[in-house]
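**Q** Sharing a model that was predicted from the sequence below.
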Amino acid sequence: MYITKNGKEYSVTEYRDKWTVKSDSGKLSVAFDVSKNILQNFRGAAGVCAEKRLILRSDNMCERKQTPQERYAAKYKKQFKIDCITTTEQDIIEKLESVPNKAGYIKQLIRADIAASKAKD
């Protein structure tokens, strides 16, 4: 996130228990840490920024970091959705509702179909 005050830009990096604010001015670079105990959440930060007349260019401070599992799923998971009409496809709905693992059941049927297709060739 970047904060601009009086035409000067500061970069802000969020860590678990603090924010690090950095500013560069030519050859001089200054950084200081701000404890999250002072600013408990984004609303607190926004209040301080409004009071000091700072301009927030990004509000990503309120977004939480992804877990490794979420990053893996975002990278590798592919999801499919099917619509079933209750008046014409009730048999499909009843079958899917009767199996405990719907995704596993559908994958098993698809793999059986793939194997049958390969056997024909």
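**A** Looks like it came in fine. In this text the structure is predicted, and so the values were computed from the model without any measurement.

**Q** switch to C-alpha atoms for all contacts and neighbour counts from now on
**A** Noted.

**Q** a helix runs through Y105, doesn't it?
**A** Yes: with DSSP: H, G, I helix; E, B strand; the rest coil as the criterion, Y105 is part of a helix.

**Q** can you count the residues close to the nearest residue to it once chain neighbours are set aside?
**A** Distances taken as CA to CA, 6 or more residues apart in numbering place V99 nearest to Y105, at 7.4 Å, with adjacent residues excluded. By the criterion of other CA atoms under 10 Å, V99 has 11 neighbours.

**Q** Next: N6.
**A** With other CA under 10 Å as criterion, N6 counts 8.

**Q** where does it land on pLDDT?
**A** Model confidence at N6, given as pLDDT, is 76.

**Q** in which helix or strand would I find D113?
**A** If you go by DSSP states H and E, D113 is part of helix 102-120.

**Q** ok, now W19?
**A** strand 18-25.

**Q** Convert the C-alpha atoms of the very next helix or strand once past that strand to CSV, please.
**A** Tracing the chain past strand 18-25, the next element assigned as helix or strand by DSSP H and E is strand 28-35. Provided in CSV are the C-alpha atoms of strand 28-35 (Å, rounded to 0.1, in the frame of the first residue of the first chain):
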residue,chain,number,x,y,z
LEU,A,28,18.6,8.5,2.1
SER,A,29,16.1,5.8,2.9
VAL,A,30,14.1,5.8,6.2
ALA,A,31,11.9,3.0,7.6
PHE,A,32,10.1,2.7,10.8
ASP,A,33,7.7,0.1,12.3
VAL,A,34,4.2,0.9,13.6
SER,A,35,2.8,-1.7,16.1
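
**Q** any idea how far the residue nearest to Y105 lies from I92?
**A** 11 Å (CA to CA, to the nearest Å).

**Q** go on, G7?
**A** Counting by CA to CA - G7 and I92 are separated by 63 Å.

**Q** And those two? Which one has more around it.
**A** For the pair G7 and I92, the greater number of neighbours falls to I92 (13 against 7), based on other CA under 10 Å.

**Q** avg pLDDT for the host helix or strand of that one?
**A** Assessed by DSSP H and E, I92 sits inside helix 90-98. For helix 90-98, mean pLDDT is 95.
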